[in-house]
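J.: this one's sequence-less:
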């Protein structure tokens, strides 16, 4: 993850195409090894960076946002109990699925959803290795094109027209 | 804002902020009920037993492809009750724009002011200020008999002259105009800051 216009206006984080491809490869390897139901790399705000899932499991954005909220709440709770800032994971063991949420650096986390047939020890071990692989990828600097190519005058007026079309007020 | 170059997605985070029972959730419910299913995700609501927002509500919206890019708007509400201060801090992290939903009832003016001050404090912690940050005010519950006159509310709450909208969120009045206004403000803000950065580089 990187800032696109370093030292100037900081528009926020971005994920380059190269980073995305590398992240997807890591997630696919983890998913194949453990036959996961789903694995998602998400930032602290709950935005999905990349995901690999088998079948449909509802709205993935909702899932990622809830996981982000749950993770943030648990981290804050740990802090209040006097824990150092080294909060790393949340685990939910359900009837049909386990959900394992684990930190990737300070800004991201992995949501790993596995069936009950997969041993949690294996999930933790292989997730740890994947996190080690993801760290350097997310720290890479971008050679991506400038943000002003994405946000130009045209974009602003087209967006405005589209908003007027999609969001019609009931008066 | 977050940019996903590979998917050509631009994510903007918009938060509905305001005193408890002011109508923040009503805004999201109305938007959810009126948007084309292809352009929206699930409406997530984390409520207490009393049906009050305990953590946040969330809804992701799209408006289709624009110039080859896919803008996505992540709408959140915060719990309005005073004691959920820490939760609001978590939800506000990385916010791009705010709709301040003020309750028009005269007896709620102190709560409006307290919440606005709380918002300013939260933004300052993120290195932002209400003076420069994109936000709009929605004066909700205009249909109630005890609604204060708009001029009076403006004098008390709209210290920076931001765009404002009269609303009855449960019926949809003012909901989309507030949403469109904040999205346009956020995009214009990014654009203007890019222009400044460009001039500094030149």
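T.: It's in. The model shown is predicted, which means the values in this text are computed figures rather than measured ones.
J.: so how far is residue A:91 from the spatially closest residue to residue A:28 that is not a sequence neighbour?
T.: Sequence neighbours aside, residue A:52 is the residue nearest to residue A:28 in space, at 5.3 Å (criterion: Cβ to Cβ, 6 or more residues apart in numbering or on different chains). Every C-beta, even on glycine, is put in place using the N, C-alpha and C of the backbone. Residue A:52 sits at a distance of 20 Å from residue A:91 (criterion: Cβ to Cβ, to the nearest Å).
J.: If you count surrounding residues, which of those two has more?
T.: Just comparing residue A:52 and residue A:91: by other Cβ atoms under 10 Å in any protein chain shown the higher neighbour count belongs to residue A:52, 19 against 13.
J.: So what sits opposite the more buried one in the bridge?
T.: Beta-bridge partners of residue A:52, counted by DSSP bridges, are residue A:39.
J.: give the contact list for the nearest residue to residue A:164 once chain neighbours are set aside.
T.: The shortest distance from residue A:164 to any non-neighbouring residue, by Cβ to Cβ, 6+ apart, is to residue B:180 (7.1 Å). Residues near residue B:180 by Cβ atoms under 8 Å, 6 or more residues apart in numbering or on different chains: A:163, A:164, A:167.
J.: got a markdown table for those, with pLDDT and secondary structure too?
T.: Supplementary listing: the contacts of residue B:180 in a markdown table, determined by pLDDT from 0 to 100; DSSP: H, G, I helix; E, B strand; the rest coil:
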| residue | pLDDT | secondary structure |
| --- | --- | --- |
| A:163 | 91 | helix |
| A:164 | 88 | helix |
| A:167 | 86 | coil |
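J.: and those residues, which are buried?
T.: With neighbours counted by 16 or more other Cβ atoms under 10 Å in any protein chain shown, the contacts of residue B:180 contain buried members at A:163, A:167.
J.: Who are the contact partners of residue B:141?
T.: By Cβ under 8 Å, 6+ apart, the contact set of residue B:141 is B:22, B:23, B:103, B:104, B:105, B:147, B:167, B:168, B:169.
J.: Which of the residues you listed ranks first by neighbour count?
T.: Neighbour counts for those, by other Cβ under 10 Å, peak at residue B:167, which reaches 29 neighbours.
J.: From the contact counts, what lies against the one helix or strand residue A:123 maps to?
T.: Using DSSP states H and E, residue A:123 maps to helix A:120-139. When contacts are defined as 3 or more Cβ pairs under 8 Å, 6 or more residues apart in numbering or on different chains; DSSP states H and E, helix A:120-139 packs onto helix A:17-34, strand A:97-104, strand A:108-115.
J.: Using TSV, please lay out these together with mean pLDDT.
T.: Shown next, in TSV, are these (pLDDT from 0 to 100):
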stretch	mean pLDDT
helix A:17-34	95
strand A:97-104	94
strand A:108-115	94
